[in-house]
Structures are given as structure tokens and as C-alpha cells.
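Participant: quick one, structure for this:
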Amino acid sequence: MIRALYLVYQICIALPIMIVMTILVSLATMIGSIFNDRFWGYWPGMIWGRLFYLVFLIPVKIDGLENIKKGQSYVIAPNHQSYWDAFLVYGFIGIKFKWMMKKELGRIPFVGWACKAAGCIFIDRSSRGSAKESIRKAESKLKNGMSVVIFPEGTRSHDGEMGKFKRGAFLISEELQLPILPVTIDGNYDVMSRHAWNVTWHPVHMTIHAPVMPRSNSGTDETELKAIMNQTSDEVFNTIRKSLEK
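Facilitator: Sure thing, here's the model as predicted:
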């Protein structure tokens with residue numbers, strides 16, 4: 001009975017509210033970012049992310065905010081359980097950032113257009129030079145405390161388990177000498193998996209872990225750099241996985 005009532009609530013009340021809010025927030029971001037994308041590229045999205053959890057009555061617990069140093073730029077690396085991960089990170093990470101995402105997402109009406117206006121970093125994953133291009137684009141954005149969010153798995157989980165990490169986040173960390181900020185997202189797969197068409201009520205927990213500092217330097221050769229990236233990737237993966245297993 002409660003599940004049926006929640007389904008009616010989300011279809012008749014929550015979903016219409018958030019469709020309207022998504023359009024309004026996207027328009028505010030697109031217009032405001034013309035003048036100041038540091039402000040308008042973050043604050044409307046932060047409010048939008050929090051509203052999703054508020055309107056859909058999903059409780060959120062955040063741990064580890066003390067691991068974020070004010071004014072420091074990070075490569076933020078969360079696991080990827082659901083579309084709802086974007087709402088969670090936007091709403092509750094607490095620092096300004098740009099998304100790094102595949103270029104196809106920029107075509108999504110309103111949301112994709114707003115991300116483009118806000119200066120998010122779009123990557124053509126079919127291009128052989130996409131890794132170097134991502135570094136070039138990131139370097140121009142990550143200044144004065146601006147961070148970047150990259151899902152190292154590259155796509156949402158198929159079964160709730162973590163997938164293999166790609167190297168993009170770790171390459172940017174080493175090339176730009178920025179700390180990786182591991183983030184564990186737990187519960188969003190139960191809220192709305194990639195196979196679901198509706199939202200399921202479930203608590204969500206986000207844990208922000210201690211940053212992992214870059215290990216390379218200007219004298220590091222390519223072979224050593226790959227070994228360093230693999231080591232960092234394994235460390236971040238294991239940190240997130242252990243938090244999920246608690």
C-alpha cells in the first residue's frame with residue numbers, strides 16, 4: 001500500500017515539480033553563465049540536486065566533508081550507481097566543480113544545454129586523442145579552487161557492483177598535479193537503477209574520503225607514469241569498495 005501511494009505521489013506530484021524545476025534551473029544556468037559561469041554554473045545546480053532528494057522524500061547522509069580543503073582544486077572520483085548520482089554530487093559535495101562527460105550528453109534538452117553554458121568539459125570518447133584533449137580542457141578550467149567530477153567507471157553500474165576504472169581521472173590528476181578525491185555513493189542504485197523506470201524510496205549515503213595526492217613529477221617517464229596511475233586507481237577503487245562493504 002505504501003509503495004503504491006509513493007508511486008502515485010512521484011508521478012502526480014514529485015515528477016511534475018522537478019520537470020518544471022529542471023527547466024527553470026537550466027534556463028537560469030544558461031542565462032547566468034553568460035555573465036559568471038563560476039556562480040551560475042554551480043549554485044542553481046546545487047539547489048536542483050538537493051530538491052530532487054527533498055521532493056522525492058529520499059533521506060541523504062553525508063560524511064567526510066572535513067576532508068575537503070577550501071580553495072583546493074580536486075579531481076573528484078565517485079562510483080557510479082545511477083542517474084541520481086549527478087543530483088547527489090551537485091547537491092551535497094559542497095565545492096564548485098565542472099563535470100567531465102561524454103559529448104553526447106550535451107545534446108540533452110535543457111540539462112545538456114545548461115552544462116555546455118556552465119563550461120563543463122565534453123569529451124569525444126571515439127577520438128584517439130581524447131585523453132590529451134581532456135587534459136587540455138581541464139587545465140583551462142581547474143583554477144582558483146575549481147574542481148572536476150569524473151566517474152572513473154565511465155558508465156552506470158549494471159548490477160549495483162563497481163565496474164573497472166578507466167584511466168582518465170588519474171591521468172588528469174598526475175598531469176595537472178591535483179589530488180584525487182574518492183567519493184563513495186551508496187544507495188542510489190536502489191533508488192533508481194539503470195533498469196528501472198520509477199523511483200524507489202531508499203536512504204542514500206555519500207562518503208567523501210581523504211584525498212590521494214599525485215605521485216609523479218616532471219621527470220617521470222611514460223612507463224612509470226602508467227604504473228603510478230594503476231597504483232592510484234587501485235587505491236581509490238579499494239577505498240570506495242571497502243566503504244560500500246560496511
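
Participant: could you list the buried residues of the helix or strand of the chain with the lowest mean pLDDT?
Facilitator: Ranked by mean pLDDT, DSSP states H and E, the weakest helix or strand in the chain is helix 130-141, scoring a mean of 71. Under the neighbour-count criterion of 16 or more other CB atoms under 10 Å, helix 130-141 has 131, 134-135, 137-138, 141 buried. Every C-beta, even on glycine, is put in place using the N, C-alpha and C of the backbone.

Participant: swap in stretch 49-65?
Facilitator: 49-56, 58, 60, 64.

Participant: figure out how far that stretch is from the centre of its chain.
Facilitator: 15 Å (CA atoms, centre = their mean, to the nearest Å).

Participant: can I get it in CSV, CA atoms only?
Facilitator: In CSV, the C-alpha atoms belonging to stretch 49-65 read as follows (Å, rounded to 0.1, in the frame of the first residue of the first chain):
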residue,chain,number,x,y,z
GLY,A,49,20.3,18.4,-6.9
ARG,A,50,19.0,19.0,-3.3
LEU,A,51,15.5,19.5,-4.5
PHE,A,52,15.4,16.1,-6.2
TYR,A,53,16.0,14.4,-2.8
LEU,A,54,13.7,16.7,-0.9
VAL,A,55,10.8,16.4,-3.3
PHE,A,56,11.1,12.7,-3.7
LEU,A,57,11.4,12.3,0.1
ILE,A,58,14.8,10.5,-0.1
PRO,A,59,16.9,10.9,3.0
VAL,A,60,20.6,11.7,2.5
LYS,A,61,23.5,11.2,4.9
ILE,A,62,26.9,12.9,4.1
ASP,A,63,30.2,12.0,5.8
GLY,A,64,33.7,13.3,5.3
LEU,A,65,33.2,17.0,4.4
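
Participant: and the helices in this protein?
Facilitator: Assigned by DSSP state H, the chain shows helices spanning 2-9, 15-32, 37-40, 43-55, 84-92, 111-117, 130-141, 168-176, 188-191, 222-245.

Participant: which one of these lies closest to Y74?
Facilitator: Comparing those against Y74 with CB to CB, the closest turns out to be helix 168-176 (8.8 Å).

Participant: mind checking the pLDDT average for the closest one?
Facilitator: What helix 168-176 shows for mean pLDDT is 90.

Participant: show me what it packs onto, helices and strands only.
Facilitator: Where contact means 3 or more CB pairs under 8 Å, 6 or more residues apart in numbering; DSSP states H and E, helix 168-176 is packed against strand 75-78, helix 130-141, strand 180-186, helix 222-245.
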